[in-house]
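Asker: For reference, the sequence and a predicted model appear below.
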Amino acid sequence: MNEKVTQMKGKLIVSCQALPDEPLHSSFIMGRMALAAKEGGACGIRANTKEDIREIQSQVDLPVIGIVKRDYEDSSVYITPTEKEVNELMEVQPEIIAVDATARLRPGGLSLADFFSSMKEKYPNQLWMADCSTVEEAIYADSLGFDFIGTTMVGYTPQSKGLRIEADDFMILRQIISKSEHPVIAEGNIDTPEKAKRVIELGAFCVVVGSIITRPQLITRAFAKALEP
């Protein structure tokens, strides 16, 4: 683990992402968003696409967790689903590459084990994060040798439907931490400073916070909804 990644321990990582259908979709804007996050105390950035990452790297000297979100007709996996996305990310060399590590088959019917083995062989010095949705998936990703295990997908897959990362004082996170040899990154629906502090107290390596910081349309909607008659 390099020094920049080590400095993420116990700290806040801000997810700076805006998809094509969102108002802030722009590499320029994401670069400035990352700069604002750094000024606020963020010690790392999670970002989508090589274009956004390249711009972010020009604005801040923070470790980056890189992904590419892309839809394929034959799979519901969309976070760095194939070698194509990994190759794109390696053009900008983020410190960590995150991939969907759920139980679902990838495009072309490829299993996680086969995909990860191939990517590890091609890029042996790259650090990898497993975006998981259940305790079982996290344990399996840990056994495959992912450098970081993430709770990113909890509640977002059929097998995790109805689950919430914060339920029962972060029970899922606590189980994953207790069963994993590799560091665990807390991510997903961590939308208050109190929750962020709590997951670090429970042993998470670091915490990723996204929408509540970087998606103003969702933040606004929460306020507007509270004022509805």
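Answerer: Nice, I can see it.

Asker: May I have the secondary structure class of the residue nearest in space to the middle of the chain?
Answerer: Central residue of the chain (C-alpha atoms, centre = their mean): residue 152, 5.7 Å from the mean position. What DSSP: H, G, I helix; E, B strand; the rest coil gives for residue 152 is coil.

Asker: Find the nearest non-adjacent residue to it, please.
Answerer: Leaving aside its chain neighbours, residue 152 sits nearest to residue 131 (3.8 Å; criterion: C-beta to C-beta, 6 or more residues apart in numbering). C-beta: built from backbone N, CA, C; applies to glycine.

Asker: That neighbour contacts residue 154, correct?
Answerer: No: between residue 131 and residue 154 there is no contact under C-beta atoms under 8 Å: 9.6 Å.

Asker: Start from the N-terminal end of the protein and give the strands.
Answerer: Applying DSSP state E to the chain gives strands spanning 12-16, 44-48, 64-67, 96-100, 127-131, 148-150, 184-187, 206-209.

Asker: Residue 33: which of those is closest?
Answerer: strand 12-16 (4.4 Å; C-beta to C-beta).

Asker: Sheet-wise, list the partners of that closest one with their directions.
Answerer: Partners of strand 12-16 in the sheet, by DSSP bridges, are strand 44-48 (parallel), strand 206-209 (parallel).

Asker: how distant is the shortest one from the center of its chain?
Answerer: Taking C-alpha atoms, centre = their mean, to the nearest Å, the mean C-alpha location of strand 206-209 is offset from the chain mean by 9 Å.

Asker: tell me the average confidence for it?
Answerer: In this model, strand 206-209 has a mean pLDDT of 98.

Asker: ok, back up a step: using CSV, lay out the strands paired with strand 12-16 together with mean neighbour count and distance to residue 190.
Answerer: Listed next are the strands paired with strand 12-16 as CSV, based on neighbours: other C-beta atoms under 10 Å; distance: least, C-beta to C-beta, whole Å:
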stretch, mean neighbour count, distance to residue 190
strand 44-48, 28, 12
strand 206-209, 24, 6
